[in-house]
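Student: Sequence unavailable; structure follows:
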C-alpha cells in the first residue's frame, strides 16, 4: 500500500468489515469480496435484485431476533446483581448517589450530565468525558417528558443531586427502530447525574 488510492481502498474495506462486525453479521469475506469485485468490474450480479432484497430481509429478521434474545438475557442477569432495583415497567436502576434536592415532575425542565452506552460498552452519546463530569463541562437541559420513556420514568424518581445508573429495556427507548448509532432492540445503559430541575 504505497499510493493514496491503495490506502483508501484498504480503508474502505476495513470500514465495511468493522461495520459488519459491529452489527453481528457473520459474513463470508470471500463472497463479500466477490460481490465488490463484480461490481467494480462492471459485471452482472449472479443474484436478481429480488433475491438480494429477500436475503437482506431474512438477515435483518434474524439480527432483530438475536438482539431481542440477547437483550432479554442481559436484563434477566442484570436484575440479580446487588443493588439493582426494577420498576413495574421493567426499568432497572442502581442508585449510586441519592440527592437531596427537589423531585422533577412531568412539567419540569431538568439539567443533567449523562453518558449512554450499549451493553458491549460502546458509547453512543455523552455530555462529559472521563470517569465523571468536570466543573467546566456543560450539562444539557430538556423537558422531563421530551426524552425516551425510560428517562422520563427515572427522572421523576431522582432528586436533584442524584447519580443513577439506568438499564433501559428497548421498549422504553428506541425499540425495533433503533437509531443510527443504536441497533434495534438495544438495552441502553446510562449514567445520569441530575444537576437541576425547574418548573
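Tutor: The structure has been received and is ready for your questions. Note that the coordinates shown come from a computational prediction; the quantities given were computed from them, not determined experimentally. Numbering: from 1, shown residues only.
Student: what's the residue lying closest to residue 156 once chain neighbours are set aside in contact with, if anything?
Tutor: Spatially, and ignoring its direct neighbours in sequence, residue 156 is nearest to residue 104 (5.8 Å; Cβ to Cβ, 6 or more residues apart in numbering). Placement of C-beta: from N, CA and C, glycine included. For residue 104, the contact set (Cβ atoms under 8 Å, 6 or more residues apart in numbering) comprises 110, 144, 155, 156, 158, 160, 194, 197.
Student: And the pLDDT for the third one?
Tutor: pLDDT for residue 155: 97.
Student: Residue 166 versus that one, what's the distance?
Tutor: 10 Å (Cβ to Cβ, to the nearest Å).
Student: which residues do those two both contact?
Tutor: With Cβ under 8 Å, 6+ apart as the test, residue 155 and residue 166 both reach residue 192.
Student: Would you map the strands across the protein?
Tutor: Using DSSP state E, the strands found in the chain span residues 85-86, 92-97, 109-117, 123-126, 140-143, 163-168, 188-198.
Student: who wins for proximity to residue 9 among those?
Tutor: strand 123-126 (28.9 Å; Cβ to Cβ).
Student: List the buried residues of the longest helix anywhere in the chain.
Tutor: Secondary structure of the chain read by DSSP state H shows that its longest helix is helix 49-78. By neighbour count with 16 or more other Cβ atoms under 10 Å, helix 49-78 contains the buried residues 63, 67, 70, 71, 74, 75, 78.
Student: With the flanking residues excluded, which residue is spatially nearest to the second one?
Tutor: Sequence neighbours aside, residue 185 is the residue nearest to residue 67 in space, at 4.1 Å (criterion: Cβ to Cβ, 6+ apart).
Student: What is the neighbour count of the one you found?
Tutor: By the criterion of other Cβ atoms under 10 Å, residue 185 has 24 neighbours.
Student: how near is it to residue 70?
Tutor: Using Cβ to Cβ, one gets 8 Å for the distance from residue 185 to residue 70.
Student: Spatially nearest residue to residue 124, not counting backbone neighbours?
Tutor: Distances taken as Cβ to Cβ, 6+ apart put residue 181 closest to residue 124, at 4.3 Å, once the chain neighbours are dropped.
Student: Quick one: neighbours of the one you found, just the number.
Tutor: For residue 181, the count of nearby residues is 13 (other Cβ under 10 Å).
Student: so it touches residue 126, yeah?
Tutor: No. Here residue 181 lies out of contact with residue 126, judged by Cβ atoms under 8 Å, at a distance of 11.6 Å.
Student: Which residue of the protein lies farthest from its centroid?
Tutor: Most distant from the centre of the chain: residue 43, at 38.1 Å, with distances by Cα atoms, centre = their mean.
Student: that older thread, who wins for proximity to residue 48 among the strands of the chain?
Tutor: Nearest of the strands of the chain to residue 48, taken as Cβ to Cβ: strand 123-126 at 36.3 Å.
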